[in-house]
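*Asks:* Show me how the following folds:
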Amino acid sequence: MGDAEGYKAYRRSKIIDIIDRVRSRSHLFESELIILSQKKGLSFYEEPVTIEEIRKRGYITDVRKFVRVVSRTLIALLKFKLYGY
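*Replies:* Reported below is the predicted structural model:
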């Protein structure tokens, strides 16, 4: 898989048992789902899509919000490491 961003479609029958094992409840939910799916041996197919961005670049303008997002991301990544991903 190229990256964890963008649109994805999943076969419910393939991931239904994996979803219960996902511990993240933040924006990293999908990343953890991908990691667990790959460990289970599921394959992925990437289809390029063109998306037009309509919001302004740099949409996180509040420094406190930025620090909060970064700190939550780092904590979640540490949890990934602790869970053995």
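
*Asks:* For the rest of this, base every contact and every neighbour count on C-alpha atoms.
*Replies:* Noted.

*Asks:* Could you point out the longest helix of this protein?
*Replies:* The residue-count maximum for a helix in the chain (DSSP state H) belongs to helix 63-83.

*Asks:* quick one: buried residues of it?
*Replies:* Ala76, Leu77, Phe80 (16 or more other Cα atoms under 10 Å).

*Asks:* which residues of this protein fall in helices?
*Replies:* 12-19, 29-40, 63-83.

*Asks:* for this structure, which spans come out with low pLDDT?
*Replies:* Applying pLDDT under 70 to the chain picks out residues 1-6, 55-61, 85.

*Asks:* out of the helices of the chain, nearest to Pro48?
*Replies:* helix 29-40 (17.8 Å; Cα to Cα).

*Asks:* circling back: Throw the buried residues of helix 63-83 into a markdown table and include distance to Phe44, thanks.
*Replies:* Output for these, formatted as a markdown table (distance: Cα to Cα, whole Å):
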| residue | distance to Phe44 |
| --- | --- |
| Ala76 | 24 |
| Leu77 | 22 |
| Phe80 | 21 |
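
*Asks:* tell me which of these is nearest to Phe66?
*Replies:* The closest of the buried residues of helix 63-83, once distances to Phe66 are taken by Cα to Cα, is Ala76, at 15.4 Å.

*Asks:* Can you name the residues that contact the closest one?
*Replies:* Contact partners of Ala76, counting by Cα atoms under 8 Å, 6 or more residues apart in numbering, are Ser24, Leu28.

*Asks:* Alpha carbons of stretch 41-60, in CSV - could you do that?
*Replies:* The C-alpha trace of stretch 41-60 is given here as CSV (Å, rounded to 0.1, in the frame of the first residue of the first chain):
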residue,chain,number,x,y,z
GLY,A,41,-2.3,-11.4,5.0
LEU,A,42,-5.0,-9.5,3.3
SER,A,43,-4.1,-8.0,0.0
PHE,A,44,-4.8,-4.4,-1.2
TYR,A,45,-5.4,-2.9,-4.6
GLU,A,46,-4.7,0.8,-5.2
GLU,A,47,-6.7,2.7,-7.7
PRO,A,48,-5.4,6.3,-8.4
VAL,A,49,-8.0,9.0,-7.9
THR,A,50,-7.9,12.7,-8.6
ILE,A,51,-9.4,14.9,-5.8
GLU,A,52,-9.7,18.6,-6.0
GLU,A,53,-8.9,20.2,-2.6
ILE,A,54,-11.3,23.0,-1.8
ARG,A,55,-10.1,24.0,1.7
LYS,A,56,-7.2,26.4,2.2
ARG,A,57,-3.8,24.9,2.7
GLY,A,58,-2.5,25.0,6.3
TYR,A,59,-6.0,24.6,7.7
ILE,A,60,-4.6,24.0,11.3
